[in-house]
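> just to be clear, the model below is a prediction. Sequence and coordinates:
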Amino acid sequence: MAAAALAKVLERSCAIRLIESEEIGTVGVGEATVPHLKLYNTILEIDEAEFIREVRGTFKLGIQFVDWGRIGDRYIHGFGTIGHDYGLLPFHQYWLKQFLAGKAADIGAYSLNTAAAPLGKFMTSAQDVPPTSPLANITHAYHFDAGLYAAYLRRYAEARGVRRTEGKVVDVDLRGSDGFIEAVKLEDGERVSADLFIDCSGFRGLLIEQALHTGYENWTHWLPCDRAMAVPCENVGPPTPYTRSTARTAGWQWRIPLQHRTGNGYVYSSAYISDDAARETLMPNLDGRALAEPRILKFTTGKRRKFWNRNCVAIGLASGFMEPLESTSIYLIQSGVARLLNLMPDRSFSPVLIERYNAQAAFEFERIRDFLILHYFATERRDSPFWQYCANMSIPEQLADNIALFRDSGRFFRHAEEMFALTSWVQVMLGQHILPRNYHPAVDLIPEREVNELVSGVRNVIANCVQAMPTHEQFLARYVQAGAAAA
């Protein structure tokens with residue numbers, strides 16, 4: 001992703017060399033995304049139909065959470081909007097007044113994505129409807145084969161001048177005067193020098209940590225899962241237009257439907273369950289026959305103390321790791337690359353740029369971290385030591401303040417720069433039983449009849465739109481065939 005974006009935006013104004021080893025490989029289980037990836041593909045001028053065909057992809061309207069707040073719960077964190085703002089207040093404030101009075105349905109009935117997903121309905125934004133229609137602006141993401149996407153971007157980058165070298169880095173030369181990276185040495189003896197080094201070496205942090213000793217902030221006390229067991233299985237039935245996350249005894253299980261298989265995994269805490277027990281939980285809960293032996297990945301949730309250190313910028317897992325609960329890993333690659341392009345240095349490597357990059361990246365990681373912690377902390381489950389720990393752990397002060405603010409009257413303070421929108425926080429808070437005691441008093445300035453019409457009207461419009469949508473399977477078949485014909 002880094003090489004492809006730099007090659008596209010910089011247009012051969014500098015030489016880009018990529019060193020990687022097929023022997024080492026990649027983590028290779030990043031199969032679910034958030035809507036921001038569409039912007040990345042647009043910048044690279046990648047046609048969506050071609051992309052879906054090449055990566056055997058499906059579409060994603062959101063994430064379904066099963067058994068998280070309580071056993072038996074089921075809610076969807078849908079992308080996109082909930083209703084529409086009215087006056088100065090967001091829609092959920094009007095809904096809240098009606099809901100507390102017993103006059104409104106669950107919040108999911110007022111979001112197109114959330115209502116359409118469990119019914120297996122999907123379409124991209126329609127061009128032949130009024131711009132105010134929910135069908136005119138459908139927010140979606142993707143499920144895809146990460147290995148196929150990497151191969152696609154490799155071809156893309158090389159076609160735009162990126163020079164790829166198959167090999168392993170065995171040593172790093174640092175400049176004596178300032179500790180900057182001067183060159184990397186390859187296994188075959190070649191010495192590769194450069195002005196700027198981008199570390200995409202995954203958890204190892206070959207440059208950012210092993211060479212520059214940047215340091216790491218461990219967040220396991222807030223996000224206790226430290227392992228994932230991944231396994232693909234055969235498809236059974238049509239692909240759902242959402243990712244599923246099912247809470248288990250010591251973590252949670254993902255389910256990601258692709259065109260040719262279904263990705264599965266159990267993210268768990270090794271302090272509360274053994275690898276063997278995790279396997280015994282995962283394997284019987286697959287849709288179809290397993291297509292491989294499960295692989296175990298070990299990780300420590302957290303971030304580097306600096307994302308950019310001297311003349312090295314860490315991207316992806318080398319910069320830190322957020323467990324995959326809300327599919328943020330690929331987004332953080334994209335965000336890191338975009339930030340680097342915005343703050344691209346000259347050879348002087350101004351500390352002003354480096355400090356700004358690190359501050360913005362740290363803020364982004366911390367706000368995503370808090371959103372993930374919310375899922376674990378806001379649980380009423382006490383059926384296992386893992387869930388007891390999560391319910392009783394101390395949480396970051398800002399998250400605690402935001403929960404208290406929302407519980408008071410459905411209000412939420414959000415920085416404009418952070419990733420997850422207000423609607424995301426609202427859906428997860430409500431889905432995990434954080435129900436406000438009251439609503440914004442300005443709602444009472446609107447006549448009762450008007451509030452009734454607003455809330456019921458949104459629900460009716462959403463229901464009618466969902467009914468008009470094709471199934472995900474129907475849309476996908478037409479979309480891939482049309483794209484192939486155009487190609």
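Noted; the coordinates are in hand.
> show me what counts as buried in stretch 233-245.
By neighbour count on 16 or more other C-beta atoms under 10 Å, the buried set for stretch 233-245 is 233, 239-245. From N, CA and C alone the C-beta is placed, and that goes for glycine too.
> can those go into TSV with extra columns for secondary structure?
Output for these, formatted as TSV (DSSP: H, G, I helix; E, B strand; the rest coil):
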residue	secondary structure
233	strand
239	coil
240	coil
241	coil
242	coil
243	strand
244	strand
245	strand
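> closest one of those to residue 4?
Closest approach between these and residue 4, by C-beta to C-beta: residue 243, at 24.5 Å.
> distance check, that closest one against residue 82.
19 Å (C-beta to C-beta, to the nearest Å).
> so where is the chain shaky, pLDDT-wise?
Residue ranges of the chain with pLDDT under 70: 27-30, 483-487.
> mind naming the longest helix for it?
helix 351-377 (DSSP state H).
> name the helices or strands packed onto it?
In terms of contacts (3 or more C-beta pairs under 8 Å, 6 or more residues apart in numbering; DSSP states H and E), helix 351-377 is packed against strand 302-304, strand 308-309, helix 329-342, helix 385-392, helix 397-409, helix 422-431.
> check which residues of the third one are buried.
This means helix 329-342. 329-340.
> turn those residues into TSV, including distance to residue 136.
As requested, the buried residues of helix 329-342 are exported to TSV (distance: C-beta to C-beta, whole Å):
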residue	distance to residue 136
329	30
330	27
331	25
332	30
333	30
334	25
335	27
336	32
337	30
338	27
339	31
340	34
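> list just the nearest of those to residue 357.
Taking C-beta to C-beta as the measure, residue 357 sits nearest to residue 339 out of these, at 5.8 Å.
> I'd like to check which residues are in contact with the closest one.
Residues near residue 339 by C-beta atoms under 8 Å, 6 or more residues apart in numbering: 357, 360-361.
> most neighbours of all these, which one?
residue 361 (24 neighbours; other C-beta atoms under 10 Å).
> still on that earlier bit, ok, the contacts of residue 339 vs residue 219, which is closest?
Using C-beta to C-beta, the shortest approach to residue 219 within the contacts of residue 339 belongs to residue 361, at 14.8 Å.
> how distant is the longest helix of the chain from the center of its chain?
Here the centre of helix 351-377 is set off from its chain's centre by 14 Å, with C-alpha atoms, centre = their mean, to the nearest Å.
> for stretch 447-460, same thing?
Distance, stretch centre to chain centre, for stretch 447-460: 33 Å (C-alpha atoms, centre = their mean).
> try stretch 147-156
19 Å.
> which parts of that stretch are buried?
By neighbour count on 16+ other C-beta under 10 Å, the buried set for stretch 147-156 is 149-150, 152-154, 156.
> about what we covered before: of all the contacts of residue 339, which comes closest to residue 74?
Checking the contacts of residue 339 one by one against residue 74 (C-beta to C-beta), the nearest turns out to be residue 361, at 34.5 Å.
> burial of the closest residue to that closest one other than its chain neighbours, as a residue count?
Nearest residue to residue 361, sequence neighbours excluded (C-beta to C-beta, 6 or more residues apart in numbering): residue 307, at 4.3 Å. Residue 307: 29 surrounding residues under other C-beta under 10 Å.
> so residue 307 makes contact with residue 319?
Yes. Taking C-beta atoms under 8 Å as the definition, residue 307 is a contact partner of residue 319 at 4.9 Å.
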